[in-house]
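> model the structure of this input:
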Amino acid sequence: MSILAKNVTKIYGKQKALDNVSFEIKKSEIVGFLGPNGAGKSTMMKIITGYIPPTSGIVEVNGLNIFEHSLEIKRQIGYLPEQNPLYYEMYVKEFLEFIAKLYGIKNVHQRVKEMIDICGLEIEQHKKIKALSKGYKQRVGLAQALIHNPSVLILDEPTSGLDPNQLEEIRQLIKHLGKDKTVMLSTHIMQEVEAVCNKVIIIHRGKIVASDSIQNIKQISSSTKIIIEFSIALSEKHFSHLPIKNLEQLSPSRWKMESDHPDISKELMQIALKNNCTILNLSKEELKLEEIFKALTQSQIPN
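You can find the predicted model right below:
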């Protein structure tokens, strides 16, 4: 087990930022840590990395308690916080060499060169960090999180500020790193989660509301979206007896709806037979991760 959180609570004054949070992340899993702003994501990540203590509860990384073995844990974790702390007056290469020496890396120049290549910083390595775009500053932050070759990566909004090409490159890098590292990342981009993660943890108001594979998370709702097109125009009254919701007319003969009834396709075929017409097209799709996320964090699970 790479990360274990058990009954973690964090209280700031009268505010409970985390409320009895428990979850597990296995070795080599890429886990999306999701939640609205203020849900407790960054607080949990800071606790895992040892930056702040929990009010109560236990956190272990690779079987070691984060406060009993804080120095050893810091050697095993790479952390990219949401507010990327960089030394703006330093040059990119100079900064990475500085970080490498702090970790006691033996072949500093070789390791820095590897990080510059991996994170796509070749053309920027001789610039001052303050002169970089936000996207390249993120790359420098990722390079410093990786430079000591940690077994666990904690990435808080790692693709913030990246253009579409840079975003895809970082996604591919995270997927590659996940082959032999445990990666926990927070993001508001659901497409990013589906592209790189194999597990999702959703937190809302300091509590875990879902923790499972993306496939299982999507099955949290039995609702199915249906788009159907008939050979003739129909009206809303033709569907009034059906177990459906969110009925929407897309054209005189084309309709969109949701249903959790297992025999809804048969019911729609009966409508076609009764009205002496045919079904030209019928498509079904499960709810998207973004829709599940909205439902869970608005305290309304679709059913």
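
> just give me how far the strand or helix carrying residue 109 sits from the chain centre.
Assigned by DSSP states H and E, residue 109 falls within helix 108-118. Its chain's C-alpha centre and that of helix 108-118 lie 28 Å apart, by CA atoms, centre = their mean, to the nearest Å.

> contacts for it?
With CB atoms under 8 Å, 6 or more residues apart in numbering as the test, helix 108-118 has contacts from 92-93, 96-97, 100-101, 105, 121-122, 125, 143, 146-147, 173. Every residue, glycine included, has its C-beta placed from N, CA and C.

> which residues of the chain fall in helices?
41-48, 70-76, 92-102, 108-118, 134-146, 164-177, 190-196, 214-218, 264-274, 289-297 (DSSP state H).

> tell me which of those sits nearest to residue 226.
helix 264-274 (6.8 Å; CB to CB).

> what's the angle between the helix holding residue 109 and helix 164-177?
Angle between the axes of helix 108-118 and helix 164-177 is 120 degrees (criterion: axes from the mean of the first three to the mean of the last three CA atoms, to 10 degrees).

> mind listing what's buried along helix 108-118?
108, 111-112, 115-116, 118 (16 or more other CB atoms under 10 Å).

> mind giving me the domain ranges of this structure?
3-212, 224-286 (automatic domain parsing).

> middle-most residue in the chain, spatially?
For the chain, residue 32 is the residue whose C-alpha lies nearest the centre (CA atoms, centre = their mean; 3.0 Å).

> where does pLDDT dip in the stretch 201-303 of the chain?
Applying pLDDT under 70 to the stretch 201-303 of the chain picks out residues 219-223, 286-287, 299-303.

> what is the neighbour count of the closest residue to residue 91 other than its chain neighbours?
Closest residue to residue 91 apart from its sequence neighbours, by CB to CB, 6 or more residues apart in numbering: residue 128 at 5.6 Å. Residue 128 has 15 neighbours, counted by other CB atoms under 10 Å.
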